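In: I'll drop the sequence and a predicted model, then ask my questions.
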Amino acid sequence: MFELIPYASRRNSIFSPFEDFYRDFWSTPTGEIKTDITDTGDAYKLEADLPGFKKEDIKIDINDKRLIIKAERSSESEENKQGYVRKERSYGSFTRSFDVSGIETGEITATYTDGVLTMTLPKRPELRPESRQVLID
């Protein structure tokens, strides 16, 4: 019996595990901030991993209905040992945006501790139609 996999995607090679590793390793997008978002009832809690960044390197903007988190860093190091000089530079820019159309953007709070940006995003109260009874004259 044939598997339910299209013929073109079948691979029966001893190299398949290596090909999968190579594809998975390089398919991870660079410059993306990994986040966890939990619903706390009246708000959302957003935790973004930003290890190695200083608080000053992180910018949070709200444009229209988008929350944009940007983190950028650059560092240089130099080592001199017995005539050997080594310089290393590290630069990185990370960006992530979220739809905040259902959020009270004026009440968003943020803290940054131990490489984790934690934000509280209060939910906007639902607009409910006013209900009333109309009396007949």
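Out: Perfect, thanks for sending it. Numbering: from 1, shown residues only.
In: can you pull out the helices in this protein?
Out: Using DSSP state H, the helices of the chain run over 16-27.
In: dump the residue contacts of the residue nearest to residue 117 when sequence neighbours are not counted.
Out: Leaving out its chain neighbours, the residue that sits closest to residue 117 by CB to CB, 6 or more residues apart in numbering is residue 48, at 4.3 Å. In this view, the C-beta of every residue, glycine as well, is placed from N, C-alpha and C. Applying CB atoms under 8 Å, 6 or more residues apart in numbering, one finds that residue 48 lies in contact with 33-35, 69, 96, 116-119.
In: with residue 131 as the reference, measure out to residue 48.
Out: 40 Å (CB to CB, to the nearest Å).
In: which residues of the chain score low on pLDDT?
Out: Counting by pLDDT under 70, the chain contains low-confidence residues at 1-31, 75-90, 127-130.
In: repeat the analysis, applying 90 as the threshold.
Out: Scanning the chain with the threshold set as pLDDT under 90 gives 1-33, 51-53, 64, 72-94, 102, 125-137.
In: which residue ranges of it form strands?
Out: Ranges of strands in the chain, per DSSP state E, are 35-39, 43-49, 58-63, 66-81, 84-99, 109-113, 116-122.
In: export the ones you listed as a markdown table, with columns for distance to residue 137.
Out: Formatted as a markdown table, the strands of the chain follow (distance: least, CB to CB, whole Å):
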| stretch | distance to residue 137 |
| --- | --- |
| strand 35-39 | 47 |
| strand 43-49 | 46 |
| strand 58-63 | 49 |
| strand 66-81 | 50 |
| strand 84-99 | 47 |
| strand 109-113 | 51 |
| strand 116-122 | 44 |
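In: pull the number of nearby residues for the residue lying closest to residue 40 once chain neighbours are set aside.
Out: Distance criterion CB to CB, 6+ apart; nearest residue to residue 40, sequence neighbours excluded, is residue 120 at 8.0 Å. Counted with other CB atoms under 10 Å, the neighbours of residue 120 add up to 15.
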